[in-house]
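Visitor: Sequence isn't available, so here's the structure alone:
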């Protein structure tokens with residue numbers, strides 16, 4: 001079930017333009033205290049104002065908790081958070097960030113760790129590589145991007161202790177990542193991790209399955225809704241208020257509820273933070289979140305109303 005986040009008032013201490021579309025932001029707590037400890041793969045919720053908040057992977061040094069760092073890719077077709085960060089979040093800007101949550105943790109053991117990043121998907125792997133190096137593990141980063149000017153953090157990596165573990169693939173130079181070649185002869189017990197665009201994630205999962213990687217050895221993360229663009233309309237029964245609402249094919253349950261001026265907490269609107277988790281009293285859900293485990297989804301006990309939908313024509317929720 002959902003664990004509550006602690007929110008920290010912070011100030012932006014640095015903003016760096018890494019690529020034409022990516023900026024790196026450094027935050028410091030206003031009270032001068034350290035942030036909570038985190039592990040590689042963790043994310044935080046950045047709350048810009050009462051209407052905008054997004055989840056971002058932490059990519060700062062997990063040994064230095066005096067600051068947190070995230071990278072933000074500007075997406076003009078998104079919910080507005082990334083555009084706000086790029087256009088209005090300057091040095092000394094004040095906002096809130098949450099305590100960390102890890103849905104993309106490294107395996108505790110493994111013969112080898114293969115990290116596959118596409119574009120902005122590089123960010124969670126920065127602290128993960130630090131963690132793997134500290135553990136003395138065998139690891140490789142395979143980093144694919146469209147063109148050299150879009151390679152966020154590549155310069156940092158090439159001048160770090162991880163340089164010999166990094167392999168790059170640049171579309172504009174005709175160099176692409178062949179997943180079958182990469183995964184065909186990895187030692188038994190290898191873990192594969194991928195973060196990036198959905199087509200890349202799907203391709204890595206498919207290739208891993210072809211080469212008989214165990215399900216528990218395949219890990220992925222994507223901060224974007226996986227719900228289909230053309231869903232079916234359905235009815236939601238709100239048990240506490242005895243109301244029925246219609247959710248259009250192009251709406252989420254959360255959006256339909258908010259039109260009734262019913263306040264439901266949701267920090268991310270991407271199925272990542274877990275704050276909008278709601279109990280299912282009758283019916284079943286089509287789960288599109290990244291928060292619940294497969295066992296929790298199968299149990300049909302709760303639903304993330306920001307992204308998930310009814311399986312069928314009606315669902316009754318504890319609202």
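Guide: Looks like it arrived, so ask away. This is a predicted model, so every value here is computed, not measured. Residues are numbered from 1 along each chain as shown.
Visitor: hang on, isn't residue 265 packed against residue 275?
Guide: Yes - applying Cβ atoms under 8 Å, one finds residue 265 in contact with residue 275, separated by 4.9 Å. Every C-beta, even on glycine, is put in place using the N, C-alpha and C of the backbone.
Visitor: who's more crowded, the two?
Guide: Set residue 265 next to residue 275 and count neighbours by other Cβ atoms under 10 Å: residue 275 wins out with 21 against 11.
Visitor: Run through who's touching stretch 14-32.
Guide: 8-13, 35, 59-60, 66-74, 85-86, 89-91, 94-95, 97, 120, 149-153 (Cβ atoms under 8 Å, 6 or more residues apart in numbering).
Visitor: Just the buried residues of it, please?
Guide: Neighbour-count burial for stretch 14-32, with 16 or more other Cβ atoms under 10 Å as criterion, is recorded at 15, 18-19, 21-29.
Visitor: now stretch 73-91
Guide: Of the residues in stretch 73-91, those buried (16+ other Cβ under 10 Å) are 73-75, 79, 81-86, 89.
Visitor: Closest one to residue 140 out of those residues, please.
Guide: residue 73 (23.9 Å; Cβ to Cβ).
Visitor: What's the separation between the closest one and residue 49?
Guide: Distance, residue 73 to residue 49, using Cβ to Cβ, to the nearest Å: 20 Å.
Visitor: Sketch out the low-pLDDT regions of the stretch 151-300 of the chain for me.
Guide: 223-230 (pLDDT under 70).
Visitor: same thing but at 90, please
Guide: Per-residue confidence for the stretch 151-300 of the chain (pLDDT under 90) gives these ranges: 152, 198, 221-232, 241-242, 258, 260-275, 290, 293-294.
Visitor: residue ranges for the strands of it, please.
Guide: 166-170, 190-195, 218-221, 234-238, 243-247, 277-282, 285-286 (DSSP state E, counting those that start in this stretch).
Visitor: and these, which is most packed in?
Guide: strand 190-195 (a mean of 25; mean count of other Cβ atoms under 10 Å).
Visitor: about what we covered before: drop anything exposed from the contacts of stretch 14-32.
Guide: Among these, those classed as buried by 16+ other Cβ under 10 Å are 8, 10, 12, 35, 59-60, 67-74, 85-86, 89, 95, 97, 120, 150-153.
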